[in-house]
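S.K.: With the sequence up front, the predicted model follows.
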Amino acid sequence: MGRRQGQGRAVRRWLAAATLAVTGMVAVAAQAAPGMTIGAIVPRSWPNPADGEDIVAGMQLAIKTWPGNEVPRLVIHDSGCRAERADAAARELVAAKVDVVLGSWCVIGQAPRIVAEAGVPYISAHPERLQRPPAGVLQLGRIEVYQAEQVAARLRQETGLRVSARTACWMDFRPVVREPYDAVLCPVVGLDAGRWQQAEATFTAAHRRPFSWAVARGYAAMEAALAQMRRLRTAGRSNGPLPTVLGPVPAADAPAPADALQLVLAPQLPRLSARDAAAVQQLLQTKACCPPGAACTPRGPWAELPFEVRGTTAACPVRTPAAAP
C-alpha cells in the first residue's frame, strides 16, 4: 500500500514536471514565433540616396511606434529607380514569402502586378495611381497615370508655354523650373497636420534631424501597410479610409482632387503671341489656388483639370517640402 502511494506521488510529480516543461516550451515558442515580414522596394542608390535612406527611416519609425504585439521584420531591396530592378525585387520578395510589399516610390513598373498575382498585398507609394489596379493593390497616389502628361500637353497646345510633367519633383516634390521649360507640373501630396506633428516630434527626438517629405512618405506607406494588414486579418471589420501622415488613403475610385497638381511658372516667361499671352493671362486668373476658407467655383477652359497655378501671388505660394507644418 505504501509503495503504491509512493508510486502515485512520483507519477504526480512527473506529470507536474512534464506540464511545466510543456508550458515552458509553448511560452518560448510563442515568444519566438516570427511576426509579419514586410518587403520594401526602395530607390536607395539613385536618384537621391539621402531620400532613399529617409524613406527607410520613415518606415522603421512607423514600425517602432505601431501599437501591435508583434514587431514586423523589414526586408529592403534597392530599385535604383529602375523598373526592371523593381520587378526583379518584387519576384524575390514573393519567393521569400513576405506578408506584404511596399514600393513604387519612384517607378511603378510591373511590381504591383507581380506581387498581387502571387496573392500578396502591395502598397504603392507613387504619386500616380493605376486606373485599374490588380486586386490586392492599395495606392497612395491621388492622380491617374498619364493624367499629368495629358494636362501638360493641353497646356502646351493652348498657351504656347513649354510645360513639363516629368521632372524630379515627382520624386522629391520640389518644383524647380529649369531650361528648356517655362513651367513644371508637379504632384501635391495631402497632409494630416496632427499626425505629421506627432510623427515629426518622435522622429526629431530620436534622430536629431528634420522630418523630411521622404521620411513622411516612408512613414505614410508603412502606416497604410500595417493598417491594411490588420484589416485583412480581422476580416475587414472596418471599411473606412486608412489614415496616414499624408492624409487618408484615397478610395480606389476617387477622382483626383482639384489641387492634386501644381503648375509652377518660371520667373521670366518667353515672348508669346497675342493669342498665347491672352491664354496665359486667363490661366493665371482662373486657375490660381483657392485660399484656405474661401469658396471657389472652378471656371474657365481648364476648370475640370486637377491643378492649381502657384507661385504667382503671395496668397498662392508654391507648395514645397519646406512648407510642411
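M.R.: That came through fine.
S.K.: hey, let's count contacts and neighbours off CA atoms from now on
M.R.: Will do.
S.K.: Residue 105 against residue 42, yeah?
M.R.: Yes: here residue 105 reaches residue 42: they are 6.8 Å apart, a contact under Cα atoms under 8 Å.
S.K.: quick one: residue 244 is in a strand?
M.R.: No: going by DSSP: H, G, I helix; E, B strand; the rest coil, the assignment for residue 244 is coil, not a strand.
S.K.: count of residues packed around it?
M.R.: 23 (other Cα atoms under 10 Å).
S.K.: what packs against the helix or strand containing residue 230?
M.R.: Per DSSP states H and E, residue 230 falls inside helix 213-233. Counting contacts by 3 or more Cα pairs under 8 Å, 6 or more residues apart in numbering; DSSP states H and E, helix 213-233 packs against helix 49-64, strand 100-103, strand 122-124.
S.K.: Name the residues of the longest one that are buried.
M.R.: By that I understand helix 49-64. Buried residues in helix 49-64, counted by 16 or more other Cα atoms under 10 Å: 51-63.
S.K.: Report the separation between residue 50 and residue 92.
M.R.: In this structure, residue 50 and residue 92 are 25 Å apart, going by Cα to Cα, to the nearest Å.
S.K.: show me what contacts residue 163?
M.R.: Residues in contact with residue 163 (Cα atoms under 8 Å, 6 or more residues apart in numbering) are 152-153, 155-156, 181-185.
S.K.: Check residue 321 too.
M.R.: For residue 321, the contact set (Cα under 8 Å, 6+ apart) comprises 173-174, 212-213.
S.K.: top of those by neighbour count?
M.R.: In those, the most neighbours by other Cα under 10 Å go to residue 213, 23 neighbours.
S.K.: and that one, what does it touch?
M.R.: So residue 213 contacts 172-173, 321 (Cα under 8 Å, 6+ apart).
S.K.: And residue 247, by the same measure?
M.R.: Residue 247 makes contact with 190-192 under the criterion Cα under 8 Å, 6+ apart.
S.K.: Check it and give its pLDDT.
M.R.: Per-residue confidence (pLDDT) for residue 247: 95.
S.K.: Return the distance of it relative to residue 314.
M.R.: To residue 314, residue 247 is 25 Å away according to Cα to Cα.
S.K.: For residue 103, which non-adjacent residue is closest in space?
M.R.: Excluding the flanking residues, the one nearest residue 103 by Cα to Cα, 6 or more residues apart in numbering is residue 41, at 4.7 Å.
S.K.: quick one: the helix holding residue 230 to helix 49-64, angle?
M.R.: 40 degrees (axes from the mean of the first three to the mean of the last three Cα atoms, to 10 degrees).
S.K.: ok, which stretches of the stretch 1-150 of the chain are strands?
M.R.: Taking DSSP state E, counting those that start in this stretch as the test, the strands found in the stretch 1-150 of the chain are 37-42, 73-78, 100-103, 122-124, 128-129, 137-139, 143-144.
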